[in-house]
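[1] Quick check, what structure comes out for this input:
(chains A and B)
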Number of protein chains: 2
Amino acid sequence: MKTVSENRCFGGTQGVYTHASDATGTDMTFAVFKPEHATGAVLWYLSGLTCTHENAMTKAGLQAWASDAGLTVIFPDTSPRGEGVADDDAYDMGQGAGFYVDATEGDWARHFRMERYITADLPETVFAAFDLDDTRQSLTGHSMGGHGALTLALKRPDRFKSVSAFAPICNPSDSEWGIPQLTAYTGDPAAHDATVLLTAGAKLPPTLIDTGTSDQFYDKLGTAAFAGALTETKSEATLNLRRGYDHSYFFVASFAAEHIAFHAEHLA
Amino acid sequence: MKTVSENRCFGGTQGVYTHASDATGTDMTFAVFKPEHATGAVLWYLSGLTCTHENAMTKAGLQAWASDAGLTVIFPDTSPRGEGVADDDAYDMGQGAGFYVDATEGDWARHFRMERYITADLPETVFAAFDLDDTRQSLTGHSMGGHGALTLALKRPDRFKSVSAFAPICNPSDSEWGIPQLTAYTGDPAAHDATVLLTAGAKLPPTLIDTGTSDQFYDKLGTAAFAGALTETKSEATLNLRRGYDHSYFFVASFAAEHIAFHAEHLA
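    A predicted model of the protein is given here:
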């Protein structure tokens, strides 16, 4: 692991690091916010389409609240990157659009192994490098990262104490944000669909969702289908539909304090 | 209006009163909690099947928080009562089960006019007798009273600043708690169904719903259908699914503070 930068932030440290990933076969960049009074508890923040490790680190405003709660926040990248890595002209396919799955199809299969990266490679690096408690992990994300948070939690019912999401894609097997990408990467969108997994019996830890009623991508998110799945399965969950908020980081930042408080409660 | 009793409560007064109602053609009993430092804002609390004005007044634990917020809380009865009033042997039909509609069918039509009672007769009495601000009203309820709160708010989009419900019946036209009663009273269950009204274009004020995942009547509530309607219509709403809570007043009391805070914010 190499240090790219470290900045003093709310009395703690906002760092950016690189490491070589076996999962992706590339170098990967990630960010870690370490609060001054870290409890050891970890919150993973998965970003959305087109983002790197950097967007949420600079725009989501999580550090103020994470500092108060003593949570260490980790911001991974959203895909492998580089010249030898497959890509697509579309903004929502290829680099910057990993969808948090392990690709098995075509050229994608070589590097696009983001599920393994997020759940194995990066934790191995992070838990070796920082003084953290791997029994206290929670997961959040925005948009495609909300899809990642929900599906990775559903696939690992014992790993995360809580999961939350900002404007998550939650029914990707019925969305333009899901069908083309998950078909290209894996051939099986339904296997990576939070609504489908939950309905089929997978369990969620305590769950918090915020979505704006003026989200310009509302029709791609599948919020109604996921709300139906949460209620049908009697999952412990809060769904907030926030009047007038859109899909931006202004929306994420507006509810960052509530998501941090939610995770801090479950990580206590 | 006659005073039945008044008790000192959190520095204010918990009163019980009777009045003659034109709507029901009977004497009706209701309770009012007047906090020591009343702001004039009013919260209507509609109770569930089998309840009178008394159950929530004694078991929901609202007064502590209403006192802090300066909210006056009004607890109506759930139906007309008495020897000359129609009834049924079932606990969920007839007296104690008014469903907050105006009956038009059979013997029910004579006295079962609870929608008019709650929205016209009782407000007229209460606003004449107490120093309250009719421009600042909100509405909550439990179970059948949650159905009442949601449907009365949907039918009067400008009257209530906010609406909340504890374990509401929210799709009664598809439930044993709704089809027999609303058919007997009105012949048209769908006309008094929150999910149907919302889907058809009626508007809700800001909405808060809490329902327990161990609610023994979960299958009668229609929570999934209503969650779908909230998300499809992009209504400003919070839906909390609370792990392990059932349908009792222990559940209501556990989240009373949050509902009072929600309404106080919108009534400020």
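[2] And the residue of the stretch 1-150 of chain A at minimum distance from chain B, which helix or strand is it part of?
    Closest residue of the stretch 1-150 of chain A to chain B, Cβ to the nearest Cβ: A:G146 (14.6 Å). Placement of C-beta: from N, CA and C, glycine included. When elements are assigned from DSSP states H and E, A:G146 belongs to helix A:144-155.
[3] Kindly format the C-alpha coordinates of that helix as PDB.
    Written as PDB, here are the backbone C-alpha positions of helix A:144-155 (Å, rounded to 0.1, in the frame of the first residue of the first chain):
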ATOM      1  CA  MET A 144     -25.000   2.400  -8.100                       C
ATOM      2  CA  GLY A 145     -23.200   2.300  -4.800                       C
ATOM      3  CA  GLY A 146     -26.500   1.900  -3.000                       C
ATOM      4  CA  HIS A 147     -27.100  -1.100  -5.200                       C
ATOM      5  CA  GLY A 148     -23.700  -2.300  -4.200                       C
ATOM      6  CA  ALA A 149     -24.400  -1.800  -0.500                       C
ATOM      7  CA  LEU A 150     -27.700  -3.600  -0.500                       C
ATOM      8  CA  THR A 151     -26.600  -6.500  -2.600                       C
ATOM      9  CA  LEU A 152     -23.300  -7.100  -0.900                       C
ATOM     10  CA  ALA A 153     -25.100  -7.000   2.500                       C
ATOM     11  CA  LEU A 154     -27.800  -9.400   1.300                       C
ATOM     12  CA  LYS A 155     -25.100 -11.800   0.100                       C
END
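[4] Which other helices and strands does that helix contact?
    The contact analysis (3 or more Cβ pairs under 8 Å, 6 or more residues apart in numbering or on different chains; DSSP states H and E) places helix A:144-155 against strand A:42-46, helix A:114-116, strand A:137-141, strand A:160-166, helix A:194-199.
[5] Briefly note if the fourth one comes near chain B.
    No. Interface with chain B: strand A:160-166 contributes nothing (Cβ under 8 Å from any Cβ of the partner chain), its closest point being 11.9 Å away.
[6] Am I right that A:A31 falls within a strand?
    Yes. Under DSSP: H, G, I helix; E, B strand; the rest coil, A:A31 sits within a strand.
[7] Tell me where the stretch 1-150 of chain A is predicted with low confidence.
    Counting by pLDDT under 70, the stretch 1-150 of chain A contains no low-confidence range.
[8] ok, which stretches of it are strands?
    A:2-9, A:12-21, A:26-34, A:42-46, A:72-76, A:137-141 (DSSP state E, counting those that start in this stretch).
[9] interface residues of the stretch 101-250 of chain A facing chain B?
    For the stretch 101-250 of chain A, the contact set with chain B under Cβ under 8 Å from any Cβ comprises A:206, A:213-214, A:218, A:223-224, A:227-228, A:230-232, A:234-243.
[10] Generate a ChimeraX selection restricted to the buried entries among these.
    Selection of the buried residues among those in ChimeraX, burial being defined by 16 or more other Cβ atoms under 10 Å in any protein chain shown:
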select /A:206,213,218,223,224,227,228,230,231,234,235,236,237,238,239,240,241,242
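[11] does A:K34 really touch A:I74, like I thought?
    No. Between A:K34 and A:I74 there is no contact under Cβ atoms under 8 Å: 9.8 Å.
[12] Quick check: which element contains the residue nearest to A:E176 when sequence neighbours are not counted?
    Closest residue to A:E176 apart from its sequence neighbours, by Cβ to Cβ, 6 or more residues apart in numbering or on different chains: A:K220 at 5.7 Å. Per DSSP H and E: A:K220 is located in helix A:218-221.
[13] Please name the nearest non-neighbouring residue to A:G212.
    In this structure, A:G212 finds its nearest non-sequential neighbour in A:Y245, 3.0 Å apart by Cβ to Cβ, 6+ apart.
[14] Can you name the residues that contact A:S79?
    Contacts for A:S79 (Cβ atoms under 8 Å, 6 or more residues apart in numbering or on different chains) come out as A:V85, A:G94, A:Q95, A:G96, A:A97, A:G98, A:F112, A:M114.
[15] Which residue is the nearest non-sequential neighbour of it?
    Distances taken as Cβ to Cβ, 6+ apart place A:G98 nearest to A:S79, at 3.5 Å, with adjacent residues excluded.
[16] Let's have the helices and strands packed on helix A:144-155 in TSV, adding mean neighbour count.
    Below are the helices and strands packed on helix A:144-155 laid out as TSV (neighbours: other Cβ atoms under 10 Å in any protein chain shown):
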stretch	mean neighbour count
strand A:42-46	28
helix A:114-116	22
strand A:137-141	28
strand A:160-166	27
helix A:194-199	23
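[17] could I get these as a markdown table with distance to B:G141?
    Compiled in a markdown table, these are given as follows (distance: least, Cβ to Cβ, whole Å):
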| stretch | distance to B:G141 |
| --- | --- |
| strand A:42-46 | 37 |
| helix A:114-116 | 45 |
| strand A:137-141 | 33 |
| strand A:160-166 | 29 |
| helix A:194-199 | 29 |
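[18] out of those, nearest to B:R159?
    Closest approach to B:R159 among the helices and strands packed on helix A:144-155 (Cβ to Cβ): strand A:160-166, 33.1 Å.
[19] For the following helix or strand past that closest one, what is the distance to the chain centroid?
    Beyond strand A:160-166 on the C-terminal side, the first helix or strand identified by DSSP H and E is helix A:179-186. Chain-centre distance of helix A:179-186: 18 Å, with Cα atoms, centre = their mean, to the nearest Å.
[20] Now do helix A:179-186 against helix A:144-155, angle only.
    Helix A:179-186 runs at 50 degrees relative to helix A:144-155, counting by axes from the mean of the first three to the mean of the last three Cα atoms, to 10 degrees.
[21] Name the residues of helix A:179-186 that are buried.
    Per 16+ other Cβ under 10 Å, helix A:179-186 contains these buried residues: A:P180, A:Q181, A:L182, A:A184, A:Y185, A:T186.
[22] which residues are in contact with stretch A:88-102?
    With Cβ under 8 Å, 6+ apart as the criterion, stretch A:88-102 contacts A:23, A:46, A:49-52, A:78-81, A:85-87, A:112-116, A:118, A:144-145, A:147-148, A:151-152, A:172, A:176-178, A:180-182, A:184-186, A:192.
[23] Endpoints of it, how far apart?
    Stretch A:88-102 has an end-to-end distance of 17 Å (criterion: Cα to Cα, to the nearest Å).
[24] wait, doesn't A:G61 sit right on A:A253?
    Yes. Between A:G61 and A:A253 there is a contact under Cβ under 8 Å: 3.9 Å.
[25] still on that earlier bit, buried sites along the helix holding A:K220?
    By 16+ other Cβ under 10 Å, the buried positions in helix A:218-221 come out as A:Y218, A:K220, A:L221.
[26] for those residues, which one is nearest B:A103?
    A:Y218 (39.8 Å).
[27] What residues are bridge-paired with the residue nearest in space to the middle of chain A?
    The residue lying closest to the centre of chain A (Cα atoms, centre = their mean) is A:L46, at 2.2 Å. For A:L46, the beta-bridge partners are A:G141 (DSSP bridges).
[28] Hmm, it is touching A:S138, no?
    No. Assessed by Cβ under 8 Å, A:L46 is found out of contact with A:S138, at 11.7 Å.
[29] helices and strands around the longest helix seen in chain A, which ones?
    Of all the segments of type helix in chain A, defined by DSSP state H, the longest one is helix A:249-267. Applying 3+ Cβ pairs under 8 Å, 6+ apart, we find helix A:249-267 packed against strand A:42-46, helix A:54-59, helix A:63-69, strand A:137-141, strand A:160-166, strand A:207-212, strand A:237-242.
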